[in-house]
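[1] I need the structure of the sequence given here:
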Amino acid sequence: MPADHPIAAPELAEVARRVCWWKPAEETLADPVRFAAQVMTVGTWSDVQITRRLLGDRWFREALRHPPAGVFDARSWTYWHGVFGIRPVPDLPTRVLP
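    Take a look at the predicted model:
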């Protein structure tokens, strides 16, 4: 990935380390849908602003369309659907265990 690509921005690596502290930032940023979902759920307002400024809203919307299992809580799920004017808010996705 080119150094000037938005996902390679040092600011995003800092956000990635905060919202997915259990794995390397590069691994987190390799999955932009999961990264956006994590920012939307556990990120600070600053994390959200940095991510939206550098990546735009595409990945945030994708995270709502194809949510990673177990990331969103009810409050974040409802809030972000409101931000993007998605009504009615669908049921919160749940994990399906075998």
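[2] quick one: contacts of stretch 22-37?
    7-8, 12-14, 16-17, 19-20, 38, 51, 55, 59-60, 62-63, 66-68, 71-72 (CB atoms under 8 Å, 6 or more residues apart in numbering). No exception for glycine: its C-beta is placed from N, CA and C like everyone else's.
[3] Got a ChimeraX select line for the buried ones in the residues you listed?
    The following ChimeraX line selects those of the contacts of stretch 22-37 that are buried, judged by 16 or more other CB atoms under 10 Å:
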select :7,12,13,16,19,20,38,51,55,59,60,63,67,68,71,72
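[4] and stretch 47-56, which residues are buried?
    Across stretch 47-56, burial judged by 16+ other CB under 10 Å covers 47-48, 50-51, 55.
[5] average pLDDT across it?
    Taken as a whole, stretch 47-56 carries a mean pLDDT of 95.
[6] Return that stretch as CSV; C-alpha atoms alone will do.
    Provided in CSV are the C-alpha atoms of stretch 47-56 (Å, rounded to 0.1, in the frame of the first residue of the first chain):
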residue,chain,number,x,y,z
ASP,A,47,-11.0,8.7,17.0
VAL,A,48,-14.2,9.1,15.1
GLN,A,49,-13.3,12.5,13.7
ILE,A,50,-9.8,11.4,12.6
THR,A,51,-11.2,8.2,10.9
ARG,A,52,-14.0,10.0,9.1
ARG,A,53,-11.7,12.8,7.9
LEU,A,54,-9.1,10.3,6.5
LEU,A,55,-11.4,7.5,5.2
GLY,A,56,-14.7,9.2,4.7
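[7] And that stretch, how far out from the chain middle?
    Centroid displacement of stretch 47-56 relative to its chain, using CA atoms, centre = their mean, to the nearest Å, is 10 Å.
[8] Renumber starting at 55 from here on
    Understood, numbering begins at 55; the last thing we discussed is stretch 101-110.
[9] Outside of it itself, list whatever touches it.
    Residues outside stretch 101-110 that contact it (CB under 8 Å, 6+ apart) are 60-61, 63, 65-66, 69, 72-73, 86, 89-90, 93-94, 97, 113-114.
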